[in-house]
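Trainee: give me a model of this one.
(chains A and B)
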Amino acid sequence: MARIIAGVTSSHVPAIGAAIDNGKTEEPYWKRIFSGFEKSKEWMAKTKPDVLIVVYNDHASAFSVELIPTFAIGCAAEFPPADEGWGPRPVPVVKGHPELAAHIAQSVILDEFDLTIVNKMEVDHGLTVPLNLLCGTPKEWPCPVIPIAVNVVQYPPPTGHRCYMLGKAIRKAVESYPEDLRVVIFGTGGMSHQISGPRAGLINSKFDKAFLDNLVNNPQKLVRMPHIEYMREAGAEGIELVMWLVMRGALDDKVEEVYRFYTVPASNTAVGHIILENRGKAARKATAKLKRAAARAKQTVRRS
Amino acid sequence: MAQVHHEYDDIPGTFVFDAERSRRGYGINMFCMSLMKEENRKAFKANEAEYLKKFPLTPEQTEAILKRDYNRMLELGGNIYFTAKLGATDGHSFQHLAALMTGMSQEDYAQMMLAGGRPIEGNRSKSDKDKPMATKSKSKTKSKSKTRKGSKRG
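Mentor: Numbers count the residues shown, from 1 in each chain, chains lettered A, B, ... in the order given. Here you go, the predicted model:
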């Protein structure tokens, strides 16, 4: 059985990608941000997930205003980096996991989450910047990635509750996949930022810190938060934070916080990042399964 | 045309890109999208007014684009992720655009960001400046969540 072992959230500020691509990561301004992800890269290298599910939003790259899917799942074998106006980012092509993606699509649609299926798609900084932050700049990404794109560009995005419930449906889908895969799910975007209109530059650290705390211990409180509160308190574009709730819904009710990082600013945005591990039922089940297998092995030995 | 009032109209200095703005601004956003291609960027730069005729734009929208009035573009249905492509075509950094929309110099804007960004205090609401959401909408949020729970489980 495949299972979700952990969730990660991370901002996906485009300027972070530009800093990597232009070799500025050692400059003091950027070093402050990248140093916050050093431990996370170690965690990723140690955790070695078999598949990543990355919940992100497209920024007028793959989807224009011609087509605006509320939720879309990438089922292709690969997803090339998009040209966002300066040529495609010099990052590896993102390899998909078409078998698991098709299985998830089928399972969640029957669970009443009508995802748009995408068999050809380019991915922009929304997906590749978090991969860089957690995986560095390797020649190939360490494992296949299933992109799940959420519309947060045109109002209204799906509600926090809907996102959270989709996370639960994704988890159910993953756990009904027969292959033993260890899956990590990313929720990306945020935290507080507004990049449009006269109020641009808004940052609300108090809101962000409370959001991080609630994400760990009290997600039900966030699930009930109306869109107006995100936009008012965390900025018009801060509403991206609903995507973090897909990640949270896919985890146990009680999780272990492994790591947290928060800094202001990266360009126009507050950067937030957290790593949560499932230590509950799934972990206990896995341990129980191992014990049973060991007991069976012993019996077999005795019988023979 | 009937004007629908939205709760988010009360957020100061903000143009929420909702379905109505998206409908009205389709031409602006598709024009901006076309700038993803080098040949289109060249054609636009060669004769801006002529190039804009290819898109369904109102005279106000055309004027806002030609004047690079970014706030007006947002007000008339442009979306920031799209209009940023126009800024990039002009060779501007995103921070330049952000500063422009706030009416600050780029230096002052960058300094404000380094100092922790624009504070939320005084920037929550046009009508009711400094009340934080948490205390203001507690009872409202509760009743809303009840109806939402009920309706989503159908």
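Trainee: contact partners for residue 80?
Mentor: By default, I'm working from chain A. For residue A:80, the contacting residues are A:88, A:93-94, A:122-123, taking Cβ atoms under 8 Å, 6 or more residues apart in numbering or on different chains as the criterion. Every residue, glycine included, has its C-beta placed from N, CA and C.
Trainee: looking at chain B here, not the other one
Mentor: Applying Cβ under 8 Å, 6+ apart to residue B:80 gives the contacts A:195-196, A:237, B:17, B:74.
Trainee: so what pLDDT did the closest residue in space to residue A:24 that isn't next to it in sequence get?
Mentor: Nearest-residue entry for residue A:24: residue A:30, 5.3 Å, with adjacent residues in sequence omitted and distances by Cβ to Cβ, 6 or more residues apart in numbering or on different chains. Confidence at residue A:30, expressed as pLDDT, is 96.
Trainee: surely residue A:30 meets residue A:17?
Mentor: No: using Cβ atoms under 8 Å as the test, residue A:30 is too far from residue A:17 to be in contact (11.3 Å).
Trainee: who has more neighbours, the two?
Mentor: Per other Cβ atoms under 10 Å in any protein chain shown, whichever of residue A:30 and residue A:17 has more neighbours is residue A:17, with 24 against 18.
Trainee: so the more buried one sits against residue A:130, correct?
Mentor: No: at 9.9 Å, residue A:17 and residue A:130 do not qualify as touching, with contact defined as Cβ under 8 Å.
Trainee: pLDDT wise, what is residue A:85 at?
Mentor: As summarised for this prediction, residue A:85 has a pLDDT of 78.
Trainee: what is the end-to-end distance of stretch B:6-21?
Mentor: End-to-end distance of stretch B:6-21 (Cα to Cα, to the nearest Å): 13 Å.
Trainee: now do that stretch: everything it contacts.
Mentor: Contacts with stretch B:6-21, where a contact means Cβ under 8 Å, 6+ apart, come from A:153-156, A:194, A:196-200, A:227-228, A:231-232, A:236, B:4, B:25, B:71, B:74-77, B:79-80, B:102, B:123-128.
Trainee: just the buried residues out of those residues, in PyMOL syntax.
Mentor: To isolate the buried ones among the contacts of stretch B:6-21 in PyMOL, judged by 16 or more other Cβ atoms under 10 Å in any protein chain shown, type:
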select buried, (chain A and resi 153+154+155+194+196+197+198+199+200+227+228+231+232+236) or (chain B and resi 25+71+74+75+76+77+79+80+102+123+124)
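Trainee: among the contacts of residue A:80, show me the least confident.
Mentor: With pLDDT as the yardstick, residue A:88 is the minimum among those, at 92.
Trainee: the strands in chain B, which residues?
Mentor: Listed in chain order, chain B contains no strands at all (DSSP state E).
Trainee: sticking with the residue nearest to residue A:24, tell me its helix or strand.
Mentor: Following DSSP states H and E, the helix or strand that holds residue A:30 is helix A:28-34.
Trainee: quick check: next helix or strand after that helix?
Mentor: Scanning forward in sequence from helix A:28-34, with DSSP H and E defining helices and strands, the next element found is helix A:38-47.
Trainee: following that following helix, which helix or strand shows up next?
Mentor: According to DSSP H and E, the helix or strand after helix A:38-47 is strand A:51-56.
Trainee: next, see if that following strand gets close to chain B.
Mentor: No: no part of strand A:51-56 sits close enough to chain B to count as contact by Cβ under 8 Å from any Cβ of the partner chain; the gap is at least 13.4 Å.
Trainee: pLDDT of the helix or strand following that strand, averaged?
Mentor: Taking DSSP H and E as the definition, the helix or strand that follows strand A:51-56 towards the C-terminus is strand A:71-74. Average pLDDT, strand A:71-74: 98.
Trainee: can you give me the offset of strand A:71-74 from its chain's centre?
Mentor: On the basis of Cα atoms, centre = their mean, to the nearest Å, the separation between the geometric centre of strand A:71-74 and that of its chain is 13 Å.
Trainee: can you tell if that strand touches chain B?
Mentor: No: figure legend: strand A:71-74 not in contact with chain B (Cβ under 8 Å from any Cβ); closest approach 14.6 Å.
Trainee: again, but for stretch A:117-135
Mentor: No: in this structure, stretch A:117-135 remains apart from chain B according to Cβ under 8 Å from any Cβ; the gap is never smaller than 9.7 Å.
Trainee: got the buried residues for that stretch?
Mentor: Within stretch A:117-135, the residues that qualify as buried by neighbour count (16+ other Cβ under 10 Å) are A:118, A:121-135.
Trainee: buried residues, stretch A:46-63. List them.
Mentor: Going by neighbour count (16+ other Cβ under 10 Å), the buried part of stretch A:46-63 is A:47, A:49-63.
Trainee: returning to that earlier point: which of the buried residues of stretch A:117-135 sit farthest apart?
Mentor: A:118 and A:133 (23.9 Å; Cβ to Cβ).
Trainee: next, the residue nearest to residue A:235 when sequence neighbours are not counted: phi, psi?
Mentor: Nearest residue to residue A:235, sequence neighbours excluded (Cβ to Cβ, 6+ apart): residue A:194, at 3.1 Å. For residue A:194, the backbone dihedrals are phi -130, psi 130 (criterion: degrees, to the nearest 10).
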